[in-house]
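Q: Predicted structure and sequence below. I'll ask about it afterward.
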Amino acid sequence: MQVRTRWAPSPTGYAHLGFISRVLINYALAKKNGGQFIWRNEDTDTERTIPGAMAFNMKWTREFGLDWDEGPDDEDLPEDLRKGGPYAPYTQTKRTKAGVYDQAIQTLLDNGSAYRCFCTKERLAELRETQERAKQQTRYDGRCRNLSTEEIKQNLDNKVPFTVRIKIPKDRKIEFDDLITHNHVVWDSNEVDDAIIVKSNGVPTYHLAAMYDDVVMKVTHALRGSEWLASTPIHKILFEGLGIKPEDQAQIGHFTVILDPNTPGKKMSKRNDSFRVDALLQRGYLKEAILNYLMLLGWAPKDNRELFTLEEFVEAFDLNGMQKSNPTWDDKKMDWFNGVYLRKLSLDQFSERFYEWVEKYLLTMLPEEEEAFRKKFESLPVDSLLEFARRLLADKPARLSEQLALVQERAVNLWDVLQQIQFFYDAPQSINWDIKQLDKVREQLSEVRAKVTGFMSSLPEDSKVWTHEAWESGMRAIGDALGVKHGDVFMVLRVAVCGTPFSPPLFESLQILGKEEVLARLNAN
RNA sequence: GGCCCCAUCGUCUAACGGUUAGGACAUCACAUUCUCAAUGUGGUAAUCGGAGUUCGAUUCUCCGUGGGGUCACCA
């Protein structure tokens, strides 16, 4: 059997990381079995469609290395995102226009699996209100369920607008097996509402469009969000009405959702920009690290292995490892994964990725993206850092890789890297000497600083010939002479030169800065 | 509220009905160290509650409890 999976989002918003995690599973399931992964644009809700959202989501999904084999080829899509395929078009409004669903609707109507509903929106709203007030189940009351042929004809002749509803049979069990949770779920058909499958404007709703397209496009595994679980009986009845045998239906599975740690029990929200698909990339997280973490939120291999490249994940993927309960996102674990991947890079790769990040993600943020970015880092001098990033990109300084080598193992993400190397280029402006790290030398601060300055100026002009041993023993000697702990002597130098009590290895940093610059900084502030 | 789903350390998770309930992140301690990291070693930490089945239950059943989903001419 040719495995075909699909991801069928609606263009009603900008995707967040949960979106990527679902694509990842669909992608892996298809690739693992040598099948195809399809992207379908479910834009039947024209009122809520946000122009550009689909292109945005496609662009960033591909940014993660997750590409589709078949997909929309709409003219309004950037050319590189257009795909097409044997079942084109892959955009549902286009399919509607092409009459793709007409035959299915007619079949359903003809064989009595569906019926025209002439109820107005007003009546429906009233009905719902009444039911709510009476604390009853809100559902369609079936007024048009059994209209006579004459009544229907009369309404049609009078051009009364109508929707099409699925006719859920009474007193039956509707059951299905979930591909992900492996649950056998059973519903009493009397609990299932006659859902609208075609709106009064003639456009099918998700129920019809998605299910029918899955069949037509020969989708074998339909994995979707758990919000669809409750609608599954509607879909099963739809298949029956369409005369689609179980073996020709896609197997359905329902994903868990990733929860936002900031709002316990609630899923990542499209309104929360910090989880948007582009957010972490812009903050300097590596796509392979994000992907790796996403793999493990909702899925686990039997051996508890944690590190996977995309290829390895595809190889190891097994639907049986899918979890049933909703995982919660953990920033700390994300940080850990990123550190692991950052440290895995060779120095050349690290440098390359750093520039790539600056150029492709950091400095190309859209205004609204930048706003969210600034909000996230409001405690930092963002402007200064962005200006610094632009300068780096323009200058491509020769010594950058030496500097990167010093910060590679102490950075959580590339944004950290940028912050940690800035002191090589920009002397600290105003130093805060009133920090706890200097408490123990507070009394002898100027004395120590003078001695250190003197010592540094006694070193050879060319910092390349300095030796670590000679420098270190000289520094320690100052501490001995002044009765100050060695560490404090180093700290005074560090703060004077780097502006902070944290820095990459001091000696190597001094060497890179050079004698002149080091002395200038010691004499300033 | 009806229906449906879920429930192992703080978090992600592992455990043919038999394990001192394992791993990872986080956290704590120690080691290393001129800072911050990285690294190494060790520690704290969990089967939601109650019945039942069984020689034996994290695992199976039922009842609670808690959380989630859904009940639109939205997807």
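A: Alright, I've got the coordinates.
Q: only C-alpha atoms for contact and neighbour calcs from this point on.
A: Fine.
Q: For A:Lys270, which three-state class applies?
A: What DSSP: H, G, I helix; E, B strand; the rest coil gives for A:Lys270 is coil.
Q: And the closest residue to it other than its chain neighbours, its phi and psi?
A: Sequence neighbours aside, A:His16 is the residue nearest to A:Lys270 in space, at 6.2 Å (criterion: Cα to Cα, 6 or more residues apart in numbering). Dihedral pair for A:His16: phi -120, psi -180, per degrees, to the nearest 10.
Q: The residue of chain A found nearest RNA strand B and A:Leu404: what is the separation?
A: Nearest residue of chain A to RNA strand B, counting by Cα to the nearest atom of the strand: A:Arg410, 2.7 Å away. Remark: distance between A:Arg410 and A:Leu404 (Cα to Cα, to the nearest Å) = 10 Å.
Q: Over to A:Val257?
A: Between A:Val257 and A:Leu404 the computed distance is 38 Å (Cα to Cα).
Q: how many neighbours does A:Gly487 have?
A: A count of neighbours around A:Gly487, defined by other Cα atoms under 10 Å, yields 12.
Q: Which strands or helices does the one helix or strand it maps to pack on?
A: Using DSSP states H and E, A:Gly487 falls within helix A:486-498. For helix A:486-498, the packing partners by 3 or more Cα pairs under 8 Å, 6 or more residues apart in numbering; DSSP states H and E come out as helix A:445-458, helix A:468-482, helix A:515-523.
Q: could you dump these to JSON lines with distance to A:Ile197, mean pLDDT and mean neighbour count?
A: Converted to JSON lines, the helices and strands packed on helix A:486-498 look like this (distance: least, Cα to Cα, whole Å; pLDDT from 0 to 100; neighbours: other Cα atoms under 10 Å):
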{"stretch": "helix A:445-458", "distance to A:Ile197": "78", "mean pLDDT": "96", "mean neighbour count": "16"}
{"stretch": "helix A:468-482", "distance to A:Ile197": "76", "mean pLDDT": "95", "mean neighbour count": "15"}
{"stretch": "helix A:515-523", "distance to A:Ile197": "73", "mean pLDDT": "96", "mean neighbour count": "18"}
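Q: In TSV, list those helices along with distance to RNA strand B.
A: Listed next are these as TSV, based on distance: least, Cα to the nearest atom of the strand, whole Å:
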stretch	distance to RNA strand B
helix A:445-458	13
helix A:468-482	7
helix A:515-523	15
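Q: Now for the residue of chain A closest to RNA strand B: which residues touch it?
A: By Cα atoms under 8 Å, 6 or more residues apart in numbering, the contact set of A:Arg410 is A:Pro504.
Q: Now do the same for it: its pLDDT.
A: Turning to A:Arg410, the model gives it a pLDDT of 95.
Q: ok so, going back, number of residues surrounding the residue nearest to A:Lys270?
A: 21.
Q: Look up the residues forming beta bridges with it.
A: Beta bridges link A:His16 to A:Arg276, judged by DSSP bridges.
Q: can you pull the pLDDT of it?
A: At A:His16, the model reports a pLDDT of 95.
Q: residue ranges for the strands of chain A, please.
A: All strands of chain A, identified by DSSP state E, fall at A:4-7, A:36-39, A:114-117, A:163-166, A:173-177, A:184-188, A:196-198, A:221-225, A:251-255.
Q: ranking these by burial, who's on top?
A: The highest mean neighbour count among these, using mean count of other Cα atoms under 10 Å, belongs to strand A:4-7: a mean of 26.
Q: Just list what that one packs against, helices and strands only.
A: helix A:17-32, strand A:36-39, strand A:221-225.
Q: which stretch among the ones you listed comes nearest A:Leu347?
A: helix A:17-32 (28.9 Å; Cα to Cα).
Q: circling back: with distance to A:Asp331 added, can I get the helices and strands packed on helix A:486-498 in JSON lines?
A: Listed next are these as JSON lines, based on distance: least, Cα to Cα, whole Å:
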{"stretch": "helix A:445-458", "distance to A:Asp331": "39"}
{"stretch": "helix A:468-482", "distance to A:Asp331": "38"}
{"stretch": "helix A:515-523", "distance to A:Asp331": "37"}
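Q: if I pick the residue nearest to A:Lys270, what's in contact with it?
A: A:Met268, A:Ser269, A:Lys270, A:Phe275, A:Arg276, A:Val277.
Q: which residues sit in contact with the nearest residue to A:Arg40 once chain neighbours are set aside?
A: Excluding the flanking residues, the one nearest A:Arg40 by Cα to Cα, 6+ apart is A:Ala8, at 4.6 Å. Taking Cα under 8 Å, 6+ apart, we find A:Ala8 in contact with A:Trp39, A:Arg40, A:Asn41, A:Glu42.
Q: domain assignment for chain A?
A: With domains defined by automatic domain parsing, chain A comprises A:4-96+A:258-321, A:99-255, A:345-425, A:436-523.
Q: Of those domains, which stretch is the most buried?
A: Using mean count of other Cα under 10 Å, domain A:4-96+A:258-321 ranks as the most buried of the domains of chain A, with a mean of 19.
Q: How confident was the prediction at A:Leu77?
A: With respect to pLDDT, A:Leu77 scores 96.
Q: swap in A:Ala524?
A: Note on A:Ala524: pLDDT of 87.
Q: Report how many residues lie close to it.
A: Counted with other Cα under 10 Å, residues neighbouring A:Ala524 total 14.
Q: Run through chain A and note the low-pLDDT ranges.
A: For chain A, the stretches flagged by pLDDT under 70 are A:525.
Q: wait, isn't A:Lys218 in contact with A:Arg4?
A: Yes. In this structure, A:Lys218 is within contact of A:Arg4 by Cα atoms under 8 Å, at 6.9 Å.
Q: can you list the residues of the stretch 101-250 of chain A near RNA strand B?
A: Residues of the stretch 101-250 of chain A lying near RNA strand B by Cα under 7 Å from any atom of the strand: A:118-121, A:124, A:128, A:137-139, A:161-163, A:181, A:183-187, A:191, A:196, A:199-201, A:204-207, A:226-231.
Q: can you pull the contacts of A:Ala427?
A: By Cα under 8 Å, 6+ apart, A:Ala427 lies in contact with A:Val497, A:Cys498, A:Gly499, A:Arg521.
Q: where's the residue found closest to A:Lys440 once you drop the neighbours it is linked to in the chain relative to A:Lys515, distance?
A: Leaving aside its sequence neighbours, A:Lys440 sits nearest to A:Asp488 (Cα to Cα, 6+ apart; 7.4 Å). Note on A:Asp488: its distance to A:Lys515, by Cα to Cα, is 21 Å.
Q: Roughly how far does the nearest residue to A:Val484 once chain neighbours are set aside sit from A:Trp39?
A: Nearest residue to A:Val484, sequence neighbours excluded (Cα to Cα, 6+ apart): A:Val441, at 7.0 Å. Distance from A:Val441 to A:Trp39, counting by Cα to Cα: 64 Å.
Q: Roughly how far does the closest residue to A:Thr91 other than its chain neighbours sit from A:Arg128?
A: With Cα to Cα, 6+ apart as the criterion, A:Thr91 has its nearest non-adjacent residue at 4.5 Å, and that residue is A:Asn41. The gap separating A:Asn41 from A:Arg128 is 31 Å, by Cα to Cα.
Q: cool, A:Cys144 as well?
A: Using Cα to Cα, A:Cys144 is found at 16 Å from A:Arg128.
Q: swap in A:Asp331?
A: Using Cα to Cα, we find A:Asp331 at a distance of 43 Å from A:Arg128.
Q: same question, A:Pro264
A: Taking Cα to Cα, one finds A:Pro264 at 31 Å from A:Arg128.
Q: ok, back up a step: tell me which residues are up against the helix holding A:Gly487.
A: Applying Cα under 8 Å, 6+ apart, the contact partners of helix A:486-498 are A:423-424, A:427-428, A:431, A:433, A:437-438, A:440-441, A:445, A:448-449, A:452, A:475-476, A:478-480, A:500-503, A:506, A:518, A:521-522, A:525.
Q: quick one, what contacts A:Thr5?
A: Residues near A:Thr5 by Cα under 8 Å, 6+ apart: A:26-27, A:29-30, A:35-38, A:219-223.
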